[in-house]
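In: show me the folded form of this:
(one chain, ligands or ions: 2)
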Amino acid sequence: VNSVQATAAVLREFGQPVDLTVVDIPEVEPGTALVDIVVAGLCGTDVHLQDGRLQIPLPVIPGHEAVGRIAALGEGLELDATGAPLAVGDLVGWASSIPCGRCRACVQHLQHSLCPTRTVYGINQTIDAWPHASGGWAERIYLQRGTTIVKLNDSMSPLDVIALGCAGPTAVHGVVGLLEIRVGESVVVQGSGPVGLASAMLAKLAGARVVVIVGAPSSRLDAALAMGTADHVIDIEVELDTRARQRLVRNMLGDEDADVVVEATGVPVAVVEGIDLCRAGGRYLVLGQYTDHGPIPINPHFITRKQLTVLGSWAFTGADYLAYVDLLPTLIERFNPAQLVTTFALEDANVALDKMRAGLVVKPVIVPGPSER
Ligand SMILES: [Zn+2]
Ligand SMILES: [Zn+2]
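Out: Numbering: from 1, shown residues only. Ligands and ions are numbered 1, 2, ... in the order given. Modelled structure (predicted):
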């Protein structure tokens, strides 16, 4: 037996726990790489995927955000996406999706996250299809041709890089790329999970005058204040009435509604409240509805009357991932996001999923091998 193997967590059926399986990994081909996973994140999407909220093919090795060390490089893969040389042993991160590069979204619109046939690690690649090791919750992953790979600076620890996980580049795509927050704006972020916290951090870096996070639980909001990601917080488990929350926000913003509101909750009804929180002429980014939780009645009159700009944002691109890695040293110095992380062994992936679902941890991270922080 010459083949490389890896133990991986596999989701076989919606609503069921993952189980551990050993997968055979093919030899690297030109342009591909074999990577030993150092850390792999869990994100809210993984919980929703397990619950069957997105139609994906099964069985799948979950894990669309990870950091690892190169174990083998295929012929021709000599440089990362920034032009830095790649070698076995290098610590690398990679964008979770590979756009086809041939369709209208890719070629004409240059909107690579909207490529209808893009490959997404840990989401739409089954364990049965080549190259089998296509998710991060495993000892190894096989990076396919076309992956945006970035060599990571040795000054950053793997936990620093994974702390915001896909939320970091997702917020770059939406908050930096589409929303374009301007210096001096007031920003309300709905949601205090990783996407909400990352959005608040980027709003701060972009020069927001004031950032308010509306979310829960209180431990997360306290952490957001302590990290300096928010100036004010509103705990939705304490302040249950949306009208009262709107008044609180107005008080915090100097008797004004928000210039900009970012939805990062994944809860449809939050969009109704978000429209109310925007000032007339304001902008609203719906960032957190990655999986489908059904419709909600809204009053479109308010969108017209307030002349709102309502934006959606879908996933992120290799370009967003590179921009995020460029921002990481600043984010680490200013906010130390690694404090959000709780680590789990690979065999405890179900414990991590359950704790994430229960809101008991902000950022669960799987460490499949010996820890290297
Ligand atoms: Zn994610
Ligand atoms: Zn495409």
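
In: tell me, how many residues neighbour H48?
Out: 17 (other Cβ atoms under 10 Å). For the C-beta atoms, the positions are set from N, CA and C on the backbone; glycine is no exception.

In: element containing it, please.
Out: helix 44-50 (DSSP states H and E).

In: name the residues that touch stretch 84-96?
Out: 33, 35, 38, 64-73, 77-80, 120-123, 143, 147-152, 154, 158, 161, 166, 169, 315-318, 320-321, 325 (Cβ atoms under 8 Å, 6 or more residues apart in numbering).

In: which of these fall within strands?
Out: 33, 35, 38, 66-73, 120, 143, 149-151 (DSSP state E).

In: residues from the stretch 1-150 of the chain in reach of ligand 2?
Out: Residues of the stretch 1-150 of the chain found near ligand 2 (Cβ under 5 Å from the ion) are P99, C100, C103, C106, C115.

In: which among those end up buried?
Out: By neighbour count, with 16 or more other Cβ atoms under 10 Å, these hold P99, C103, C106, C115 as buried.

In: so of these, which ones are in helices?
Out: Using DSSP state H, C106 are the members of those that sit in helices.

In: near ligand 1, which of the buried ones among the residues of the stretch 1-150 of the chain next to ligand 2 show up?
Out: Near ligand 1, by the rule Cβ under 5 Å from the ion, you find none of these.

In: dump the buried ones among the residues of the stretch 1-150 of the chain next to ligand 2 to a markdown table, plus distance to M201.
Out: Below are those laid out as a markdown table (distance: Cβ to Cβ, whole Å):
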| residue | distance to M201 |
| --- | --- |
| P99 | 27 |
| C103 | 33 |
| C106 | 30 |
| C115 | 28 |
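
In: make CSV out of the buried ones among the residues of the stretch 1-150 of the chain next to ligand 2 and add pLDDT.
Out: Below are these laid out as CSV (pLDDT from 0 to 100):
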residue, pLDDT
P99, 98
C103, 98
C106, 98
C115, 98
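
In: and the buried ones among the residues of the stretch 1-150 of the chain next to ligand 2, which two are furthest apart?
Out: P99 and C103 (8.0 Å; Cβ to Cβ).

In: list the buried residues for stretch 172-184?
Out: Buried positions in stretch 172-184, judged by neighbour count with 16+ other Cβ under 10 Å: V172, H173, G174, V175, V176, G177, L179, I181.

In: re the thing from before, what helices and strands are in contact with the helix holding H48?
Out: Here helix 44-50 touches helix 349-357, going by 3 or more Cβ pairs under 8 Å, 6 or more residues apart in numbering; DSSP states H and E.

In: just checking, next helix/strand downstream of the helix it packs on?
Out: Scanning onward from helix 349-357 (DSSP H and E), the first element met is strand 363-367.

In: that next one pairs with which strands, parallel or anti?
Out: strand 33-41 (antiparallel), strand 341-345 (parallel) (DSSP bridges).

In: in the stretch 251-373 of the chain, which residue sits nearest ligand 1?
Out: Per Cβ to the ion, Y290 is where the stretch 251-373 of the chain lies closest to ligand 1, at 7.4 Å.

In: which non-adjacent residue is nearest that residue?
Out: T45 (5.5 Å; Cβ to Cβ, 6 or more residues apart in numbering).

In: let me know the pLDDT of the one you found.
Out: For T45, the model assigns a pLDDT of 90.

In: cool, Q55 as well?
Out: 88.

In: need the three-state assignment for it.
Out: Following DSSP: H, G, I helix; E, B strand; the rest coil, Q55 is assigned to coil.

In: and it, how many neighbours does it have?
Out: Neighbours of Q55 (other Cβ under 10 Å): 10.

In: which two in the residues of the stretch 1-150 of the chain next to ligand 2 are spaced the farthest apart?
Out: Farthest pair in these (Cβ to Cβ) is P99 and C103. Separation: 8.0 Å.

In: which part of the stretch 201-350 of the chain gets nearest to ligand 2, residue-wise?
Out: T317 (11.1 Å).
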